[in-house]
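**Student:** Okay, here's the prediction I keep looking at, along with the sequence it came from:
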Amino acid sequence: DGGYTVHPDMSGSMSKKIFDTSPMRAYAAVQVISTDALEGMYDDDEAASGWVGETGARTATDTPQLGVWRIATHELYANPQATQKVLDDSAINIESWLNENVAAQMGRTEATAFVTGTGVGQPRGFTTYASGTSIREQVEQVKTGVNGDFPAAPDGGDVLITALYKLKGPHRANATWFMNRATMAATRKEKDSDGAYIWQPGIQAGQPA
């Protein structure tokens, strides 16, 4: 009936599935290396001191010690396949599409590992470290007191304030809140005893919420 002679047009646009991803890389330090690990020194100790009179004896005091931290590198790969025919004759640029798709997927995989990675054959995520204040493989944790949730209003806001001020001043100046969508929704729903939402927008341009 003529249908074979009237071929439909192919739209120039492509619908894409949107994936969630962590913004950790934007906040992470990036360093180019030529070995299989990055090493550096840490100093989480301090020298001892004491008061002494003008002519009093000055005995030896404790000397601080240095340590070494080491971050092993890991390889991330992708190996999609396409025939030469589809690369040559497809209506869209298959090679460009695959490159873009792989780059996005690898970025999401890397970002996830920054948060929840096991450290075995992949980076170790910061949420997998034990609770503590030492810079040697510890991350301080503040419990809400309720499994998977905040305490009942109006105490939920207290948890956020406690977490914020657990940070020492120099750290707090550059601190950033990280949370997934579910946690953000729960946080934004927190109310005071009058029913007003605790999460307020920044009071002036450039200021965080």
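**Tutor:** Done, it's in.
**Student:** going forward, measure contacts and count neighbours with C-alpha atoms only.
**Tutor:** Noted.
**Student:** Provide a list of residues in contact with the closest residue to Thr118 other than its chain neighbours.
**Tutor:** Nearest residue to Thr118, sequence neighbours excluded (CA to CA, 6 or more residues apart in numbering): Arg124, at 5.0 Å. Counting by CA atoms under 8 Å, 6 or more residues apart in numbering, Arg124 touches Ala113, Phe114, Val115, Thr116, Gly117, Thr118.
**Student:** Number of residues surrounding the residue lying closest to Asp192 once chain neighbours are set aside?
**Tutor:** Excluding its sequence neighbours, the residue lying closest to Asp192 (CA to CA, 6+ apart) is Pro154, at 4.4 Å. By the criterion of other CA atoms under 10 Å, Pro154 has 17 neighbours.
**Student:** C-terminal to the helix or strand containing His171, what's the next element?
**Tutor:** For His171, the host element (DSSP states H and E) is helix 169-172. Following helix 169-172 in sequence order, the next helix or strand is helix 181-188 (DSSP H and E).
**Student:** Next, the buried residues of that next one.
**Tutor:** Across helix 181-188, burial judged by 16 or more other CA atoms under 10 Å covers Thr187.
**Student:** picking up where we left off before, where does the residue nearest to Asp192 land in three-state SS?
**Tutor:** With DSSP: H, G, I helix; E, B strand; the rest coil as the basis, Pro154 sits in coil.
**Student:** what's the answer for Arg58, then?
**Tutor:** Quick answer, by three-state DSSP: Arg58 is coil.
**Student:** Spatially, what comes nearest to it if we skip its sequence neighbours?
**Tutor:** Val52 (7.1 Å).
**Student:** same check, this time on Ser49
**Tutor:** Thr61 (6.3 Å).
**Student:** wait, what's in contact with the one you found?
**Tutor:** Per CA under 8 Å, 6+ apart, neighbours of Thr61: Ala47, Ala48, Ser49.
**Student:** A strand includes the first one, no?
**Tutor:** Okay, so that is Ala47. No - read with three-state DSSP, Ala47 is coil and lies in no strand.
**Student:** let's have the chain start at 14 instead
**Tutor:** All right, first residue 14 from here; so that's Ala60.
**Student:** That one and Leu79: what is the separation?
**Tutor:** Distance of Ala60 to Leu79, given as CA to CA, to the nearest Å: 11 Å.
**Student:** likewise the last one?
**Tutor:** When CA to CA is applied, the distance between Ser62 and Leu79 equals 18 Å.
**Student:** count of residues packed around Tyr210?
**Tutor:** 15.
**Student:** Next: Leu89.
**Tutor:** Leu89 has 11 nearby residues by other CA under 10 Å.
**Student:** now Thr140
**Tutor:** With other CA under 10 Å as criterion, Thr140 counts 15.
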